[in-house]
Each structure stands twice: as structure tokens, then as C-alpha cells.
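In: output the structure for:
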Amino acid sequence: MFRCGSPSIGERMVQVREDRGSSNKLSKCLTLMPLIVQGLAHMLGAGIFVITPTIVQTVAGPATCISYLLSGIAAGLSVLCYSDLASRYTCTGSAYVYSYFSLGEFASAVVGMFLIGELIIQPPILTLGISDNLDRFLLNGTVSTWQESTFPSWMLHTDLLAVAVMIIFMAINIVGIKGVALLNTAILAISSLSLTIFIITGLIYGDVDNLSKVVDPASGRTGFAPFGLSGIVSGAGVAFFAFVGLESVVCLAEEAVNPKRDLPRATFISFLFVLVFYALTAFSIAYFVPWYSIDGTTGFIGALQEKGLVVIQYIEIAGLIFTVFSCGLCTLTTTVRVIYSMAEDGLLFSWLSWVDPRTRIPIWNVVLCTVIGIITSIVYDFDTLSHMISGGTLSVFVVTALAVIILSYDTSDTSVSPGTSGERTPLTHPAPTYTFRTFVIVITVFMTSAVVLCGLTALAAQNYVVIAIETVLGCLSFLCLLFIWVRFKLKPAEKHLSFRSPAKPFVQGFSILLNLLLLFHLEVSALLQLALYGLIGVVIYFGYGIFNSKLTAEKKAAAFSTELGPSALKQNGDGVIQKKAT
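Out: Numbers count the residues shown, from 1 in each chain. This is a model prediction of the structure:
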């Protein structure tokens, strides 16, 4: 599994990406504040306005605020991992790039598809949320009534307003990243104000009995946690959708002016700000109205209408439209950058990395993402999409934590075998050393133990035998991390990073365990969707990527160089190395 991530090849992969990054085709114009705004704009709209009401009504009840705090702990550990990696590399692509450097090309192709699959279904979810509220509260159902009377039965599921919003997303993204940043800054001010007003309104007009004493007439559930501890954990898994915006910040690495300094700062600031807003808003809506009466689609707006607070209702409608619009815009921006990065590496079609010289935006990439988003909004309804959103995020967070462990420790053997010079050519693959093999074995044992432990905890009925097995696996996981901490040294370059994650590898190990636990608490449909993303990644890699990879071209260049000598080679404008004409 880690063959491609062995010392010399992993370092060469970094060099190949950094060399291409030095001739950056994207616009390098974002400072700290626009990066913070990008993260806030992406995270604020999705979880608060669209997903929070659904979690309160169907998953965790008033304890949703606890679910957000639990998911915030796991996301906070992931923030440490992202900040650590962002201070190392300045290539766009986020978790895809980090897995590329640590696990190798094949693993990165699968992780990239996890990331794309997770991001690409978010704009349809958000546009459906905007559409439903616009039609119900501002247009009095005019659009849906017209569709029912005009469209044939097989097209009734088509949401014209959602399609129109997706097209607007596309048009703004094509204009350029500066336009997106300026629009997000204006919208963020409006959304923050509207959320603050709702939190205060909920606390003023709410009733403390709504938190623990109301009884759902349909199911008879009651209490602060009507769905129990499993509901709180499941709610935390779904709530992870709120923190997908972490990807939005680090995906702009090649467009940041000072990425190694600003990306970690922007990630931390936006995360802490959003976590506070999420917890307060979830508590406020559960305090405001009985949890079972909340509409999963209209959420805050429906609750305000129920209370007859018309003025505040329209303020929140404006806030919802602007906030969710900004979130969808940022999501499309992020998705485009991940696809661009994979296409630059040759793992996706090259035309997806073509950048317009005037706007410096990969336009065909934007168009493709918009078309897929429109089709998704037509095929799936809101409820189905809302349960397909967190599996990819959690799996990507697991890979990010694992990447920090792999990239932080020196696994090379400094001893030189008799009769050798100890030198390595840049692209030749050395035989794995004893130290490296030991590291791979320990990591493999840890990941296997973690997966089985979290799977048993989430899926198996708890009895003495299962608890005993879980205890053994937990101890084994800890011993693996302890062995890495004692046996292996951090790389010398760690001292020069602008941000270093503390307590390596224990923070990363705990992050992996917590994210896996939340992942196994998701619905089966979400896990099947995740498996589908992985299968698509495997098919694309073996059907296209393995034959067109830039890394493969570099390996071919090494073979040519050995036979002909480096002076016989040249590099064309696309970065492909060819034999010089004689």
C-alpha cells in the first residue's frame, strides 16, 4: 500500500508537483482575510440553514448542540492535521495532494474521488434548499404549482429554481476568484447578522421545556436526547457536513499570496468561528420550538412562521438565501480546484486543467461540475442527498491524519550497504529498507486495529466478548502509536515548518479513531455511496490515469536518461519529457 510513498519516490512526487506549481496558471491574489472569508462562507451556510434542522428533527433532537461539539472535536483534530500539511506544501488539491505525497498515486486517485464525490453533491443540496424556501415563502408556491400543471409526470421532480441557481454559480465562478472573494465578503456580513438575530430571537421567545419535557406524539420520544447516545453520535457524523469548508481554504493554496503562513491561520480562525455559531444555533432552534415540529427543509423559516414573527422571518429568509448561495458558490470553487489538480497530474482528462488566460479559471472544469450538479438535483431529492454527504468527508479526514504521520517521520536507513556509494538517482526506486518496512507494518497494524475497533463499537451488539476484543484492539492501536513515537525520529525539516501539529502521532491517531467511529455510525446508504466513489476512482485510474500520469512520464524519463543520458532529453510546454531531435 505504501510502496509508492517510499522515501525517494515520495520526495520526487513532491518535487514534480512543486516544479509545476512554480509556473502557476492560477491567479495568486488571496491574502489572509479572503482565505478566512472563503472558509467561513463555505461552512456557515451548509450546516446551519440546511442540515441542522434535519438533525434536530430526525437524528439527535435538542442534543444536536452536543453532536456539533462532538463533531467539532473530531474536526478540530483534523484542523491540526490540515494546518500541518498546509505549512509543508503549496499545491492546490487538499487531501488529494497530501495522499499523493504520502500514500502514492493510486491511493490519491481514490481519495480524490472521495473528495470530488462529496463536494459535487453539495451545490444541489444547497440549491434545493434555496429553491424550496424561495418558492414557499416569497413566491407562494407559484413555481411548483406551474410545474405541476405544465410538466409531464416524469419531469415533476425537476426543480427549475435549483437549476437556475446552479447556472448562476457557474457564471460567477467563470468571472474569476477575485469576484468570488469580494461577493463572499459582502454576503458573510449579511449572514452573520441574520444568524445572530435568530440566536437572540430563539433565546427570547423560546421555552426551556422544549429542551427536555416535550413528547413527540408520533413516536413517544422525549427528553434532551430523545434518540439516545447513538442519536448524538449519528448526529455528529451527519454534522460533519458543516466542516467540509476546511477543504475550501487549503484548496486555494496556489492562489494564496503566502500559503505556508496564511493557510494554517485561516483554517483555524474560520473553524473556531463556525463551531461557536453551529452550537449556539442548534441550541437556539431546539429551545425555540419543540424539536419534533421542526421542518427539515424549511427549518428556521418555518419555525419563525409558526411563532408569527413575520419581520424576523423575512430577515432570516434573506440571510438564508445569501448564506446558502455563498456556500454553494464556495463549494463549486473548491470542487473545480480538486479536479484541476488531478487533471494537472494526468489522473483526469487534460482538458479539465485548461485555464483561460484572461480569467485564469479552468472554465471547462466549471461547466462540467455545473452540469453534474444540475443532473444530481434532478435525479435525487433533498432528503436522499442530505444523507449522502458526510462519508467522503470523514474518510478524507482519516487519510489526512494518516498523511501527517507518514510524512513527519524519517523512515530512511542511514546505513550504507558494503560496496555501494549510498547515492540514489532521483527516479530509481530503492529497495525498501528495514526501517521503512517496519514503519509500514506498524502503520498497517494500527489502521487494521482502528477499523475493526470502530466497526465493532458502532455496528456490533455490546457484550462481554465484544468489549474484550475492543479493549485488546484499543491497546494494540495505542501501542502502535507509542512504538512510532519511541522508535522513529521526526524529519529535520519539521523544525522549520510555520505550523507543527502537537503530540505527534497521538493527535493524529485519535483523529483517525474518532473519524472512523463517526463514519461507521452513518447510514448504510452513505457507506455504499462512499464505496461507489472509491470504485469510480479505481475504474478511472486503471482506465485512464495510469496511462497518462505525469509521474509515469517522469519514470519513463528516468529510463531514457539511463540509456541516453540527461543531455539527450528535453521538456515540452506541457511538462512532458521527450527525446531531443538529432
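In: just the strands in the stretch 351-500 of the chain please.
Out: Per DSSP state E, counting those that start in this stretch, the stretch 351-500 of the chain carries strands over the ranges 409-410, 489-490.
In: if you compare those strands, which one is most tucked away?
Out: strand 409-410 (a mean of 19; mean count of other CB atoms under 10 Å). Backbone N, C-alpha and C define where each C-beta goes, glycine included.
In: state the distance from Ala225 to Val371.
Out: From Ala225 across to Val371, the span is 42 Å (CB to CB, to the nearest Å).
In: correction: the previous question concerned Leu551.
Out: Counting by CB to CB, the gap between Leu551 and Val371 amounts to 29 Å.
In: remind me which residues of the stretch 301-450 of the chain are low pLDDT?
Out: For the stretch 301-450 of the chain, the stretches flagged by pLDDT under 70 are 380-390, 412-434.
In: now Ala95: how far from Leu513?
Out: Ala95 is 18 Å from Leu513, by CB to CB.
In: who's more crowded, these two?
Out: Neighbour count, other CB atoms under 10 Å: between Ala95 and Leu513, Ala95 has more, with 30 against 24.
In: from memory that one sits against Leu402, does it?
Out: No: assessed by CB atoms under 8 Å, Ala95 is found out of contact with Leu402, at 10.3 Å.
In: quick check: buried residues in the helix or strand hosting Ala107?
Out: In this assignment (DSSP states H and E), Ala107 forms part of helix 105-120. For helix 105-120, burial by neighbour count (16 or more other CB atoms under 10 Å) applies to 105-120.
In: sorry, back to before: and Ala225 and Val371? Which one has more around it.
Out: Neighbour count, other CB under 10 Å: between Ala225 and Val371, Ala225 has more, with 20 against 12.
In: low pLDDT regions in the stretch 151-300 of the chain?
Out: Along the stretch 151-300 of the chain, segments meeting pLDDT under 70 span 151-158, 241, 296-298.
In: where do the helices of it begin and end?
Out: With helices called from DSSP state H, counting those that start in this stretch, the stretch 151-300 of the chain shows them at 160-175, 177-205, 228-239, 245-250, 259-288, 299-307.
In: show me how far the first one is from its chain's centre.
Out: Mean C-alpha position of helix 160-175 versus that of the full chain (CA atoms, centre = their mean, to the nearest Å) differs by 22 Å.
In: what's near enough to touch Val249?
Out: 35-36, 38-39, 82, 86, 263, 266-267, 270 (CB atoms under 8 Å, 6 or more residues apart in numbering).
In: so how do I select the buried members of the residues you listed in ChimeraX?
Out: Command for ChimeraX that selects the buried part of the contacts of Val249, burial taken from 16+ other CB under 10 Å:
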select :35,36,38,39,82,86,263,266,267,270
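In: same list (the contacts of Val249) but as JSON lines, adding distance to Ser212.
Out: Formatted as JSON lines, those follow (distance: CB to CB, whole Å):
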{"residue": "Leu35", "distance to Ser212": "41"}
{"residue": "Ile36", "distance to Ser212": "37"}
{"residue": "Gln38", "distance to Ser212": "39"}
{"residue": "Gly39", "distance to Ser212": "34"}
{"residue": "Tyr82", "distance to Ser212": "37"}
{"residue": "Ala86", "distance to Ser212": "42"}
{"residue": "Leu263", "distance to Ser212": "42"}
{"residue": "Ala266", "distance to Ser212": "38"}
{"residue": "Thr267", "distance to Ser212": "36"}
{"residue": "Ser270", "distance to Ser212": "33"}
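In: nearest to Phe169, of the contacts of Val249?
Out: Phe169 has its nearest neighbour among the contacts of Val249 in Gln38, at 14.8 Å by CB to CB.
In: please name the nearest non-neighbouring residue to the closest one.
Out: With CB to CB, 6 or more residues apart in numbering as the criterion, Gln38 has its nearest non-adjacent residue at 5.4 Å, and that residue is Ser248.
In: how close does that neighbour get to Val507?
Out: In terms of CB to CB, Ser248 sits 23 Å off from Val507.
In: who's more crowded, these two?
Out: The neighbour comparison of Ser248 against Val507 (other CB under 10 Å) goes to Ser248, with 27 against 20.
In: gap between that one and Ser477?
Out: Per CB to CB, Ser248 is found 31 Å from Ser477.
In: likewise Ile66?
Out: Applying CB to CB to Ile66 and Ser477 gives a distance of 25 Å.
In: ok, Ala86 touching Lys260?
Out: Yes: the pair Ala86 / Lys260 is scored as a contact, 7.3 Å apart, by CB under 8 Å.
In: now the helices of the stretch 151-300 of the chain as TSV including distance to Leu459?
Out: Converted to TSV, the helices of the stretch 151-300 of the chain look like this (distance: least, CB to CB, whole Å):
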stretch	distance to Leu459
helix 160-175	35
helix 177-205	36
helix 228-239	11
helix 245-250	27
helix 259-288	27
helix 299-307	31
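In: picking up where we left off before, reformat the strands of the stretch 351-500 of the chain as TSV; add distance to Ser27.
Out: Shown next, in TSV, are the strands of the stretch 351-500 of the chain (distance: least, CB to CB, whole Å):
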stretch	distance to Ser27
strand 409-410	36
strand 489-490	35
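In: these: which one's closest to Trp351?
Out: Evaluated over the strands of the stretch 351-500 of the chain, closeness to Trp351 peaks at strand 409-410, with 38.9 Å, by CB to CB.
In: ok now that closest one, how far from the chain's centre?
Out: On the basis of CA atoms, centre = their mean, strand 409-410 sits 26 Å off its chain's mean C-alpha point.
In: so which residues make contact with that strand?
Out: 439, 484, 488-492, 505.
In: out of these, who has the most neighbours?
Out: Sorting the contacts of strand 409-410 by how many neighbours each has (other CB under 10 Å) puts Pro505 first, at 27 neighbours.
In: once you drop chain neighbours, what's closest to that residue?
Out: That would be Ile405: by CB to CB, 6+ apart, it lies 4.6 Å from Pro505.
In: which residues are in contact with the one you found?
Out: By CB under 8 Å, 6+ apart, the neighbours of Ile405 are 443, 484, 504-505, 508-509.
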